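> sequence first, then the predicted structure:
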Amino acid sequence: MSGRLETTFQRLRDKKEKALIAYLMAGDPGLAETEQLVVALEQAGADIIELGVPFSDPIADGPVIQQAAERGLKSGTTLRKILDSVKSLRQRTEIPIVLMLYFNSIHAMGYEKFCTAAKAAGVDGLIIPDMPPDEAGPLKGPADAAGLPIIFLLAPTSTPSRRRLVAEESHGFVYYVSLTGITGAKLSNVTDIHQNVQKLKKVSASPVAVGFGVATPEDAAQVSKMADGVIVGSAIVKRIASHQQDPAMVSHVAEFVRSLKTAMAEAAR
Amino acid sequence: MPMLPDSHGRFGPYGGRYVPETLMPALLELEEEYAKAKKDRRFQADLAYYLKQYVGRPTSLYRADRLTKKLGGAKIYLKREDLCHTGAHKINNAIGQVLLAMRMKKRRIIAETGAGQHGVATATAAAMFGLECEVYMGTEDMQRQALNVFRMRLLGAKVTGVDAGSRTLKDAISEAMRDWTTNVRTTHYILGSVLGAHPYPMMIRDFQAIIGKEARKQILAAEGKLPDYLVACVGGGSNSIGLFHAFLRDRKVKMIGVEAGGSGIVSGKHAARFSGGKPGVLQGTMTYLLQDENGQINLTHSVSAGLDYAAVGPEHSLYHDQGRIDYTYATDTEAMAAFDLLAQEEGIIPALESAHAIAEVIKLAPTLKKSQVIIANLSGRGDKDVQQVARMRGVEL
Ligand SMILES: Cc1ncc(COP(=O)(O)O)c(C=O)c1O
């Protein structure tokens, strides 16, 4: 079975391009806007969408994404409604969509019920920042059965044995966290990122994408040289936050995404 | 009874390590270092020394004669954790963890605090060992526990207000976890209750288990028998598991954990996880949580900042399911009445948290025979709450 993620990474490899993975908080400011953003960001050059599910207590996130989650919850966004949105998006786009959600959201719905519903809606993978491979046991069966890859995160603090564990368990891609910290922090020590991604690529059969701290076209260009994909979150969410009332919000954010992809394309040349 | 937790940090289905990968290596290191320290005679001797000479242990087991007479039933003993240095049981854990941090060569300490007692205890232990200390505290709690904020600052700690979510303990823990995720290479996070990811619930229980070890010896000396009931308030659950742990194998000793009933369960404004919650994952552990049908964490309410939290320690969740410990709650009003009663009958002003345990004693004692014995854990003294109680009663200080 070759899913949308795999197809996308293959297509990009053929073109000698890197994947731009754009993060959006579902329901910020509302799900209708989220759907418009997904379509617009794809046209602007995003290759994969990472869709955040708002949670009341997001321990891995900095203030920008925390506040986006609060806005998402305030607009009445629930996991069920997000899955409905993905389903309706699937009539318009084939862009891979991975959900980024905290473990309790899945636990509350039930592992099997969630995996079946997410797959049926057209979700292509799961990123669960508070679920290391060590705790994945109970979810793995239902996720495998539904054909939903789980994408695990590797950190700069991870030891070699954890690197092997994460590489082995991760499907779709491996998410390398560029810095010791939370989302929205400033990118630091690019040499370290390079070395750690190299080590990870040696043991990983899946592509490696780098996220946390990638904020500017320059950052995206630099990181894209080291990895198969670049994840941009807080920098996008910040632009949505500062244009909440602006009718041109979607095109403004799309413009930023276009500048990221352009910088990555230039770096590839 | 099998050894709990198992090697994955599980108490039956509860516990575990639900944290970002960035923290996994630090948790594994902590688990390993703690296992070594536990077997290290030198570490245990240091810990015993500070608990005796600095904290003032053993704390007394005081027979509360006037309270016993007033309630007219079982004989009531109070385990006087309020007599610990800094005024609560929290220091037992803070000293243990600071000693561990020194072993791991981490010179920066962070902590969260609700009532401020754990923050004060951590700031105290850090000052004593010359370590840098930063304490996260919800801004709502900073207001109702202003005295403790000032105490922490006097002790040289930096107190950082957390203005997110409910602005209470839960949000302080999230912020401390974020700091730890960012500074994990140089920093040790001293969690204040039997919460969070493995090994914290196990380690903190072990550091607090001295309460029950002492109480067991003391009651055998005083009464020549084990108590019929143990009663303690349950915030995260550290003073309660601390008292209960040494008695778990004594099947005849009944145990009651008292949660915060706030304005009552039907009002929805409470922190009684076992009355209104169900299992889920919050801040690193699988346990009973107050949450909605989508898994979003509910806002909690209690007059007592130290009990005002949406989750309970995972070990308690197991004992709840097994029926080994009974969990009940006391409302704000009941706790306030207990606060007054203990002050007036025994000359002891309890912490509002501990007043919840006393509130249960007030209900329980009259239903028992005079030959029966209750030990209640007086987890802390009420000095920190005096300002708040005055404010609630419209008294200007
Ligand atoms: C005096 C006192 N008792 C009890 C508690 C509740 O915590 P735990 O359930 O961990 O003992 C606190 C917490 O701040 C406290 O300060």
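Looks like it came in fine.
> so the residue in chain A that the ligand sits nearest to: helix, strand or coil?
When scored by Cβ to the nearest ligand atom, chain A has A:Asp57 as its residue closest to the ligand, at 18.9 Å. Where C-beta positions appear, they are placed from N, C-alpha and C, glycine not excepted. What DSSP: H, G, I helix; E, B strand; the rest coil gives for A:Asp57 is coil.
> for A:Arg163, same thing?
Under three-state DSSP, A:Arg163 comes out as helix.
> in contact with A:Ile193, which residues?
Contacts for A:Ile193 were tallied using Cβ atoms under 8 Å, 6 or more residues apart in numbering or on different chains; they are A:176, A:178, A:210, A:223, A:226.
> OK, contacts around the residue of chain A closest to the ligand?
Applying Cβ under 8 Å, 6+ apart, the residues near A:Asp57 are A:102, B:165, B:170-171, B:174, B:282-283, B:297.
> using pLDDT, spot the least trustworthy of the residues you listed.
Within the contacts of A:Asp57, B:Gly165 has the lowest pLDDT, namely 84.
> count of neighbours near it?
A count of neighbours around B:Gly165, defined by other Cβ atoms under 10 Å in any protein chain shown, yields 19.
> any idea which element the residue nearest to it when sequence neighbours are not counted lies in?
Leaving aside its sequence neighbours, B:Gly165 sits nearest to B:Asp171 (Cβ to Cβ, 6 or more residues apart in numbering or on different chains; 4.3 Å). In the assignment (DSSP states H and E), B:Asp171 maps to helix B:169-183.
> so the residue nearest to the spatial centre of chain A bridges to which residues?
For chain A, the residue nearest the mean C-alpha position is A:Glu50 (3.3 Å; Cα atoms, centre = their mean). Beta-bridge partners for A:Glu50, by DSSP bridges, are A:Tyr23, A:Val98.
> contact partners for it?
A:21-24, A:97-100, A:127, A:231, A:233.
> ok, those vs B:His118, which is closest?
A:Met100 (32.0 Å; Cβ to Cβ).
> ok, now which ones touch the closest one?
A:23, A:50-53, A:127-129.
> from these, which two are the most distant?
Maximum pairwise distance in the contacts of A:Met100, criterion Cβ to Cβ, is 14.5 Å, between A:Tyr23 and A:Ile128.
> one step back: out of the contacts of A:Ile193, which sit inside helices?
Among the contacts of A:Ile193, the ones falling in helices (DSSP state H) are A:Val223.
> from the contacts of A:Ile193, pick the one nearest chain B.
The closest of the contacts of A:Ile193 to chain B turns out to be A:Tyr176 (Cβ to the nearest Cβ; 9.9 Å).
> re the thing from before, tell me which strands and helices the helix holding B:Asp171 is in contact with?
strand B:108-113, strand B:132-138, strand B:158-162, strand B:187-189 (3 or more Cβ pairs under 8 Å, 6 or more residues apart in numbering or on different chains; DSSP states H and E).
> right, and the helix or strand after the shortest one?
Okay, so that is strand B:187-189. helix B:200-208.
> list the buried ones in the helix or strand of chain B with the lowest mean pLDDT?
Lowest by mean pLDDT, DSSP states H and E among the helices and strands of chain B is helix B:139-144, with a mean of 92. For helix B:139-144, the neighbour count (16 or more other Cβ atoms under 10 Å in any protein chain shown) marks B:140-142, B:144 as buried.
> let me have the residues you listed in CSV, extended by distance to chain A.
Below are those laid out as CSV (distance: Cβ to the nearest Cβ, whole Å):
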residue, distance to chain A
B:Glu140, 16
B:Asp141, 16
B:Met142, 19
B:Arg144, 21
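> so who does residue 61 touch?
With no chain named, the answer covers chain A. A:Asp61 makes contact with A:69, A:129, A:182-184, according to Cβ under 8 Å, 6+ apart.
> oops, I was thinking of chain B
Neighbours of B:Leu61 in contact, by Cβ under 8 Å, 6+ apart: B:77-80, B:214-215, B:218-219, B:222, B:375.
> circling back to that earlier point, hmm, the least confident helix or strand of chain B touching the ligand?
No - Helix B:139-144 lies apart from the ligand when judged by Cβ under 6 Å from any ligand atom; the minimum separation is 9.5 Å.
> helix or strand right after that helix?
Following helix B:139-144 toward the C-terminus (DSSP H and E): helix B:146-154.
> average pLDDT for that next one?
Here the average pLDDT along helix B:146-154 is 96.
> now swap in stretch B:176-192 and tell me
Computed over stretch B:176-192, the average pLDDT equals 96.
> so how far is the first residue of it from its last?
Terminal residues of stretch B:176-192 lie 11 Å apart, using Cα to Cα, to the nearest Å.
> now that stretch, how far from the chain's geometric center?
20 Å (Cα atoms, centre = their mean, to the nearest Å).
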